[in-house]
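S.K.: My questions are about this predicted structure, shown below with the sequence.
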There are 2 protein chains.
Amino acid sequence: MDYKAYAMIMKALGDETRVKIFDMLSEGERCACKLLDEFSVTQPTLSYHMKILCDCGLVSARRDGIWMRYTVRQETLAEMIGFLNRIAEGIPEGIEVCDCKEAG
Amino acid sequence: MDYKAYAMIMKALGDETRVKIFDMLSEGERCACKLLDEFSVTQPTLSYHMKILCDCGLVSARRDGIWMRYTVRQETLAEMIGFLNRIAEGIPEGIEVCDCKEAG
DNA sequence: TCATCATATCGATAATTGTCTATATGATGA
DNA sequence: TCATCATATAGACAATTATCGATATGATGA
């Protein structure tokens, strides 16, 4: 997974509606109609948001008859958390001042 | 921290340049000039990106003479990781099918 | 005080995004 | 097969974003 992929995931969650949807999905599989009840957006707008969440790999969709059902993709979420954890762990104890003064 | 704040953080990281900058900062404090060397953007553009990273709370900036030095704000990053962990942990074992069929 | 250097802000602009209405697609059941 | 229902796509549009060049700000040192 490269920076482009991480940025795509973050961008997908960088919208209040989508981050709420994603949080709702943490409770388990949800259908589009349930999600539509919760948010004051039209059906096409919800569909647009779900596509973004699916395209980045955070959510998977399955068709069940005429309904669409969505779940969190744990692998992708785990990779994202891993990336952030590595950044958090990478921070050294002391302050490391860069060598501007010498260079300039 | 509310959904709006989380979305703001995610949006800040939802750009390839910024996610790279943030990853670079995991190595320790960095000055603007060092960051500018690494990325093919102009100085005003870097300044713009750093403002976004600072405004959402992910990065803190300090002035050191004529230089600006940036560090990861561990508290904010930890809160973000915590939020994602709660979502990951919230996913139940079995598939929970919602009651579309009965409701419709 | 003033020139210089690093950074921030301004104003402009092309690209992207989030939203809508209207319409298409695709599954279901009579 | 056809009407119906849930969802997806198309097209339009206002708002936001990422970027730049030009300029302002603010610290430093002669």
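M.R.: On my side now, so go ahead.
S.K.: Low-confidence regions, chain A specifically.
M.R.: Along chain A, segments meeting pLDDT under 70 span A:91-97, A:99-104.
S.K.: so where do the helices sit in it?
M.R.: A:3-13, A:16-25, A:32-38, A:43-55, A:74-90, A:100-103 (DSSP state H).
S.K.: Show me what the fifth one packs onto, helices and strands only.
M.R.: Translated: helix A:74-90. Here helix A:74-90 touches helix A:3-13, helix B:16-25, helix B:74-90, going by 3 or more Cβ pairs under 8 Å, 6 or more residues apart in numbering or on different chains; DSSP states H and E. Yep, even glycine has a C-beta here, placed from its N, CA and C like the rest.
S.K.: same check, this time on the first one
M.R.: Counting contacts by 3+ Cβ pairs under 8 Å, 6+ apart, helix A:3-13 packs against helix A:16-25, helix A:43-55, helix A:74-90, helix B:3-13, helix B:16-25.
S.K.: which residues sit against that helix?
M.R.: A:18-19, A:22, A:52-53, A:55-58, A:76, A:80, A:83, B:6-7, B:10-11, B:13-16, B:18-20, B:23 (Cβ atoms under 8 Å, 6 or more residues apart in numbering or on different chains).
S.K.: Might you report the residue contacts of A:Phe39?
M.R.: A:17, A:20-21, A:46.
S.K.: if you set the cut-off to 7 Å instead, what comes out?
M.R.: By Cβ atoms under 7 Å, 6 or more residues apart in numbering or on different chains, A:Phe39 lies in contact with A:17, A:46.
S.K.: ditto for A:Glu38
M.R.: A:Met24.
S.K.: and it, how far is that from DNA strand C?
M.R.: The gap separating A:Glu38 from DNA strand C is 13 Å, by Cβ to the nearest atom of the strand, to the nearest Å.
S.K.: for A:Asn85, same thing?
M.R.: 26 Å.
S.K.: Which residue, other than its chain neighbours, is closest to that residue?
M.R.: Counting by Cβ to Cβ, 6 or more residues apart in numbering or on different chains, A:Asn85 lies nearest to B:Ile81, which is 6.3 Å off, once chain neighbours are set aside.
S.K.: The one you found contacts A:Ile87, correct?
M.R.: No: counting by Cβ atoms under 7 Å, B:Ile81 does not reach A:Ile87; the two are 9.2 Å apart.
S.K.: Could you check which of the two has the larger neighbour count?
M.R.: A:Ile87 (22 against 18; other Cβ atoms under 10 Å in any protein chain shown).
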